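Asker: what's the 3D shape of this:
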Amino acid sequence: MKNIPVTRSQQAVLTALRDQPDLVDIEALARHLGRHPNTLREHLVGLLRAGLIVRHAAPAEGRGRPRWLYGSTEVADVDENAELAAALAWRLAHRARDPLAAARDVSRRWARQIAERYAVSRQPTARAGRAQVVEVMDGLGYEPVPDAALDRVALMRCPLLQVAKDVPEVVCNVHLGLVEELLEASGGDRRRATLTPFAAPGRCDLRLMAPVTEEVRRAAFPSR
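Answerer: Sure, this is the predicted structure:
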């Protein structure tokens with residue numbers, strides 16, 4: 001491996017790749033990091049020269065230049081559930097007759113398993129319920145950063161960048177459904193949960209006390 005210094009920007013790219021169970025293309029990285037693909041391409045070239053990442057050509061999708069997929073040379077430090085969720089999301093998107101309905105069903109079943117694993121229970125106050133939801137999301141690796149009221153929560157890590165980029169309606173609906181179920185199990189109102197995917201570079205925005213209106217609740221997912 002060549003001894004090439006890694007810049008701060010290159011380190012951000014490397015960290016994102018290390019967090020992923022699958023290879024990631026440059027468009028998914030660009031949306032996650034809020035960078036232009038051309039700028040990221042320069043960072044990826046540097047990381048390739050340093051031997052810190054690998055790249056593979058994606059299966060051909062017609063004529064034109066191949067699409068490159070990137071990954072860290074280190075074993076990804078991801079939860080086993082992320083790999084299963086990635087595979088499941090692809091299957092739902094490409095094989096389910098109604099992907100969104102299937103995503104909602106999956107989120108309900110997944111939430112029951114998660115609730116049991118983390119011993120989620122009805123809390124004495126609404127705030128305690130929101131705190132419990134944030135704690136579970138932290139345990140699942142989303143790196144939540146809540147505000148003082150535990151209402152607005154920035155999710156700083158997406159363990160499924162590539163799948164979320166290719167089939168966002170499936171992945172994000174599974175995530176929203178999970179939060180809705182956890183909020184209800186904690187004694188809250190599931191209708192008050194909303195999720196805005198990729199609200200800012202490296203961040204999705206979760207609300208746990210959104211106004212109870214259909215317009216607000218469906219803002220992020222008009223087709224749901």
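
Asker: Pull the contacting residues for Arg55.
Answerer: Contacts for Arg55 (CB atoms under 8 Å, 6 or more residues apart in numbering) come out as Leu44, Leu48, Trp68, Leu69, Tyr70, Gly71. Every residue, glycine included, has its C-beta placed from N, CA and C.

Asker: what about burial for the residues you listed, which qualify?
Answerer: Leu44, Trp68, Leu69, Tyr70, Gly71 (16 or more other CB atoms under 10 Å).

Asker: returning to what we had before: show only the entries of the contacts of Arg55 found in strands.
Answerer: Trp68, Leu69, Tyr70, Gly71 (DSSP state E).

Asker: Kindly reformat these as JSON lines containing distance to Gly177 and pLDDT.
Answerer: Putting those into JSON lines (distance: CB to CB, whole Å; pLDDT from 0 to 100) gives the following:
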{"residue": "Trp68", "distance to Gly177": "33", "pLDDT": "90"}
{"residue": "Leu69", "distance to Gly177": "28", "pLDDT": "91"}
{"residue": "Tyr70", "distance to Gly177": "30", "pLDDT": "93"}
{"residue": "Gly71", "distance to Gly177": "28", "pLDDT": "90"}
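
Asker: List just the nearest of those residues to Asn173.
Answerer: Set against Asn173, the nearest of those by CB to CB is Leu69 (24.4 Å).

Asker: That closest one contacts Pro59, correct?
Answerer: No - using CB atoms under 8 Å, Leu69 makes no contact with Pro59, being 9.8 Å away.

Asker: Sounds good, over and out.
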